[in-house]
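S.K.: Below is the structure, and that's it, no one-letter string:
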Ligand SMILES: O=C(CO)[C@@H](O)[C@H](O)COP(=O)(O)O
């Protein structure tokens with residue numbers, strides 16, 4: 001299979017040692033760092049805000065891939081941009097005007113991502129393709145790490161890969177949720193080029209991170 005970029009979700013890291021954990025996965029071969037921001041309203045869990053992103057920024061030069069699961073989302077874009085996010089990814093359901101939200105992310109000098117929940121149809125992308133640098137397909141319902149991969153999302157990945165080819169632009173296609181070495185291969189074969197993995201990266205503690213990331217890349 002083609003080698004995907006791996007973006008470990010720090011949701012599965014040891015939150016008491018978050019800076020060290022980010023450094024550890026960076027040194028273990030992570031390509032990006034995936035940061036899940038949850039508000040207890042748009043999704044049924046609470047995580048972190050821009051101050052934590054800012055505190056983590058000195059721990060890695062890798063791309064900070066920030067997934068905002070918050071509503072409303074527009075009032076917080078600037079804070080996450082200033083905190084050091086490189087890519088800011090939003091849900092179409094998180095505000096009244098997703099087109100305007102993506103424009104606002106680009107205006108802040110950041111890459112813009114849009115994310116589709118398992119129940120969100122691909123048609124939502126029809127008028128957004130020229131505004132996105134990343135499309136994230138959730139292969140679990142967002143809110144928690146450690147859930148099982150929803151295989152029906154692979155058809156969505158295949159459909160979006162076709163849309164990207166037709167758009168003729170360089171757009172990353174990322175999958176998140178229940179990604180392990182077995183499902184990673186299915187995602188890459190379906191057209192994904194970036195994989196988010198929480199449990200499968202952080203399992204076994206820091207001594208295992210390099211092996212876990214290599215396994216996700218299909219290198220072992
Ligand atoms: O955004 C989310 C969940 O909402 C994901 O990023 C999870 O954190 C992935 O965890 P695993 O399924 O890989 O354990």
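M.R.: Arrived safely. In this text, all values refer to a predicted model and were calculated from it rather than measured experimentally. Numbers count the residues shown, from 1 in each chain.
S.K.: list the buried ones in the helix or strand hosting residue 100?
M.R.: Per DSSP states H and E, residue 100 falls inside helix 98-107. Neighbour counts over helix 98-107 (16 or more other Cβ atoms under 10 Å) mark 98, 101-102, 104-105 as buried. The way it works is simple: take the backbone N, C-alpha and C, and place the C-beta from them, glycine included.
S.K.: Which neighbouring elements make contact with that helix?
M.R.: helix 77-83, strand 87-90, strand 111-116 (3 or more Cβ pairs under 8 Å, 6 or more residues apart in numbering; DSSP states H and E).
S.K.: just the angle between whatever helix or strand comes next after the last one and strand 111-116, please?
M.R.: What that stands for is strand 111-116. Next in sequence after strand 111-116, counting helices and strands by DSSP H and E, comes strand 134-138. Computed with axes from the mean of the first three to the mean of the last three Cα atoms, to 10 degrees, the direction of strand 134-138 lies at 30 degrees from that of strand 111-116.
S.K.: Residues contacting strand 134-138, please?
M.R.: Outside strand 134-138, the residues that touch it by Cβ atoms under 8 Å, 6 or more residues apart in numbering are 65, 67, 87, 89, 111-118, 125, 153, 156-157, 160, 164, 171-177, 192, 194, 196.
S.K.: Residue 177 contacts residue 143, correct?
M.R.: No. Residue 177 is beyond contact range of residue 143, at 10.0 Å (criterion: Cβ atoms under 8 Å).
S.K.: In terms of neighbours, single out the busier of these two.
M.R.: Shown here are residue 177 and residue 143; by other Cβ atoms under 10 Å, residue 177 has more neighbours (27 against 19).
S.K.: tell me the pLDDT at the more buried one?
M.R.: pLDDT, residue 177: 98.
S.K.: what do you get for residue 148?
M.R.: 98.
S.K.: Surely it is in a helix?
M.R.: No. Residue 148 is assigned coil when assessed by DSSP: H, G, I helix; E, B strand; the rest coil, not a helix.
S.K.: My read is that it contacts residue 139, right?
M.R.: No. Between residue 148 and residue 139 there is no contact under Cβ under 8 Å: 9.1 Å.
S.K.: Mind listing the shared neighbours of those two?
M.R.: Both residue 148 and residue 139 are in contact with residue 178, where contact means Cβ under 8 Å, 6+ apart.
S.K.: Among the two, which residue is more densely surrounded?
M.R.: The neighbour comparison of residue 148 against residue 139 (other Cβ under 10 Å) goes to residue 139, with 27 against 11.
S.K.: residues in contact with residue 150?
M.R.: Counting by Cβ under 8 Å, 6+ apart, residue 150 touches 118, 139-140, 177-178.
S.K.: quick check, the helix or strand containing residue 195 touching the ligand?
M.R.: Remark: residue 195 resides in strand 194-197, with elements defined by DSSP H and E. Yes. Applying Cβ under 6 Å from any ligand atom, one finds strand 194-197 in contact with the ligand at 196-197.
S.K.: ok, residue 24 touching residue 207?
M.R.: No. Contact criterion Cβ under 8 Å: residue 24 and residue 207 do not qualify, at 9.4 Å.
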